[in-house]
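**Q** Got a predicted structure here, sequence first:
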Amino acid sequence: MARDRQGLALAGSPASAEAFDRAVADYYGLTGDPVGALKQAVARDPAFALGAVAIAALFMIGGFRGDHAEVTQALAAAEAAIGGASSREKRHLAAAKALAAGGILDATLLWEDILVDYPADALALRLGQDAYFFLGQSLCIRDSVARVLPAWDRGNPLTSFILGAYAFGLEETGELGRAEEFGREALARNPSDAWAVHALAHVMETASRQEEGIAFLKASRPSWSPAHFMAGHNGWHLAVYLIEEGRFAEVLADYDRFAAPRLADDATLDRVDAAALLWRLELAGVDVGERWGPVARAWMAHVDDHALAFNDLHLALAASRSKDAGDALRLRRSLDD
C-alpha cells in the first residue's frame, strides 16, 4: 500500500500516491487541474479508491449536483475499489456519498471524524473547510483548523495553506488581529496563497481599511492572479473597496478586463461574483449597460442545479436583470419543482 506526503496509507500504486499529492496541492493552491490528474491516475490504477472519491467530492464542491454523471461515475469507481482500501478511505467514501445525497452536514461530521484520528489528512480538512464555508458556519471554519494545527509541521509545504485557512476562520469569528497575524505568516511562507490573501482582504474590509485594502490587493495581484476562481473573487474584493471609495470607472474597467472573460470558464464562483458585483454597482447608482446579458446566459445554463441557496440567490439576481422575461419565469418554475 502506497502512502501520501503526509504518511497516510493509500490503496493503489506509488504513482497514484504522487498524483494524489499533486492534486491535493493544487486543490489547496487553486492551481493546475486536480480532477484531471486524478482521473488519469484512476484510469491507470483502478485500485486507487481515494482518487475516485476525491474526483466525486471535488466536482460537488465545485457546484455539481450529486446525481451528475461525473459524480456518479466517480463514486461507482470508488465503490468498485474500496474493498482494498483502509478504514480512513472508506470513511472518505461515506462522506462523499453523504454529500451526493444532499447530506452536507453528515459529510462534515465524517470528515471531522477522520481528522480526529488523522489530523494531517489534508483532503478531509480542505473539504470540510469548503463545506463549512458554504454553510456559513464560521466557528467550524475556525475550530476545524485549530484542532489539527498542532499536527502540521511548519516545514510541510501545505502548512502555509493551513495557516491561511486558519486566518480566514479567525476573521470570520471576529478575531481580526490574530487573523491578520496568521494571514501574513501564511503569505510570508507562500506569497501565492490566494486564500490567505482572501483572509486579509476580509480583515481590511471588516475594519474599513479600504485604501490599505486597495493597495494590498493591487500590489499582490501578480501572486494571486493564477489561482483559478479565487483570482476572480479576490478581484471582486478589490472592486468592493473601489465601490466604497466611489471609483466606479475603475470597477467597470476591471470587470470588463478580468471578470467578464472568466464567465467562459463556467466556474460557479465566477458567476456568483459577476452577479454580485453588477448588483452592487447598480445599488450605488451606476449604469452597467448591457453587462447583465452574458451573466444571465451563463447562469441560466445552470437554472436547475440548485446546489446551494447562495448560488440560487445570485442566479435570481441575474434572471431578474435579464432582458428575457422568460428567464425569471423558468427560475421560479424550477424552484417550485
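**A** Looks like it arrived, so ask away.

**Q** which SS class is the residue nearest in space to the middle of the chain?
**A** Nearest to the geometric centre of the chain sits D130, at 5.8 Å (C-alpha atoms, centre = their mean). Under DSSP: H, G, I helix; E, B strand; the rest coil, D130 falls in the helix class.

**Q** which one is it nearest to, not counting chain neighbours?
**A** Residue nearest to D130 in three dimensions, not counting chain neighbours: I61, with 4.9 Å by C-beta to C-beta, 6 or more residues apart in numbering. Quick note: C-beta positions are derived from backbone N, CA and C, even for glycine.

**Q** and the one you found, what is it in contact with?
**A** I61 is in contact with L127, D130, A131, counting by C-beta atoms under 8 Å, 6 or more residues apart in numbering.

**Q** ok, those vs N190, which is closest?
**A** D130 (19.1 Å; C-beta to C-beta).

**Q** So the closest one versus L269, what's the distance?
**A** Here the criterion is C-beta to C-beta, to the nearest Å. By it, D130 lies 11 Å from L269.

**Q** before we move on, what about G128?
**A** Here G128 is placed at a distance of 18 Å from L269 (C-beta to C-beta).

**Q** Compare these two (neighbour count), which wins?
**A** More neighbours surround G128 than the other of G128 and L269, with 27 against 19 (other C-beta atoms under 10 Å).

**Q** Quick check: closest non-adjacent residue to the more buried one.
**A** W111 (4.2 Å).

**Q** same question, E180
**A** E180 sits nearest to V203 (C-beta to C-beta, 6+ apart), 5.1 Å away.

**Q** from what I can see that neighbour touches E171, true?
**A** Yes - using C-beta atoms under 8 Å, V203 is in contact with E171, at 5.2 Å.

**Q** between the two, what contacts are shared?
**A** Common neighbours of V203 and E171 (C-beta under 8 Å, 6+ apart) are A179, G183.

**Q** what sits against N311?
**A** Counting by C-beta under 8 Å, 6+ apart, N311 has contacts G63, T268, R271, V272, H302, D305.

**Q** which of the residues you listed has the most neighbours?
**A** Within these, most neighbours by other C-beta under 10 Å means R271, with 26 neighbours.

**Q** From A296, how far out is that one?
**A** 10 Å.

**Q** same question for stretch 164-171, mean pLDDT?
**A** Averaging pLDDT along stretch 164-171 gives 98.

**Q** And that stretch, how far out from the chain middle?
**A** From the chain centre to the centre of stretch 164-171 is a distance of 14 Å (C-alpha atoms, centre = their mean, to the nearest Å).

**Q** Show residues contacting that stretch.
**A** By C-beta under 8 Å, 6+ apart, stretch 164-171 touches 125-126, 129, 138, 141-146, 149, 176, 178-183, 186-187, 193, 195-196, 198-200, 202-203, 206.

**Q** which ones among those residues are found in helices?
**A** Members of the contacts of stretch 164-171 lying in helices (criterion: DSSP state H): 125-126, 129, 138, 141-146, 176, 178-183, 186-187, 195-196, 198-200, 202-203, 206.

**Q** wait, isn't L93 in contact with I55?
**A** No - applying C-beta under 8 Å, one finds L93 not in contact with I55, separated by 11.7 Å.

**Q** Neighbour count: the two, which is higher?
**A** More neighbours surround I55 than the other of L93 and I55, with 27 against 22 (other C-beta under 10 Å).

**Q** Could you report the neighbour count for the nearest residue to that one once chain neighbours are set aside?
**A** Excluding the flanking residues, the one nearest I55 by C-beta to C-beta, 6+ apart is A74, at 4.0 Å. By other C-beta under 10 Å, the residues close to A74 number 27.

**Q** cool, and A52?
**A** 28.

**Q** again with A2
**A** Around A2 there are 18 other residues, counting by other C-beta under 10 Å.

**Q** Next up, the contacts around it.
**A** The contact partners of A2, by C-beta under 8 Å, 6+ apart, come to A9, L10, A11, G12, S13, P14, S16, A17.

**Q** you'd agree the last one is up against Q6?
**A** So that's A17. No - assessed by C-beta under 8 Å, A17 is found out of contact with Q6, at 10.5 Å.

**Q** who has more neighbours, those two?
**A** Here A17 and Q6 are set side by side on neighbour count (other C-beta under 10 Å), and the busier one is A17, at 24 against 18.

**Q** Correct me if wrong, but the more buried one is in a helix.
**A** Yes - with three-state DSSP as the criterion, A17 is part of a helix.

**Q** Return the distance of it relative to L8.
**A** In this structure, A17 and L8 are 9 Å apart, going by C-beta to C-beta.

**Q** and what of I141?
**A** I141 is 23 Å from L8, by C-beta to C-beta.

**Q** Thanks a lot, catch you later.
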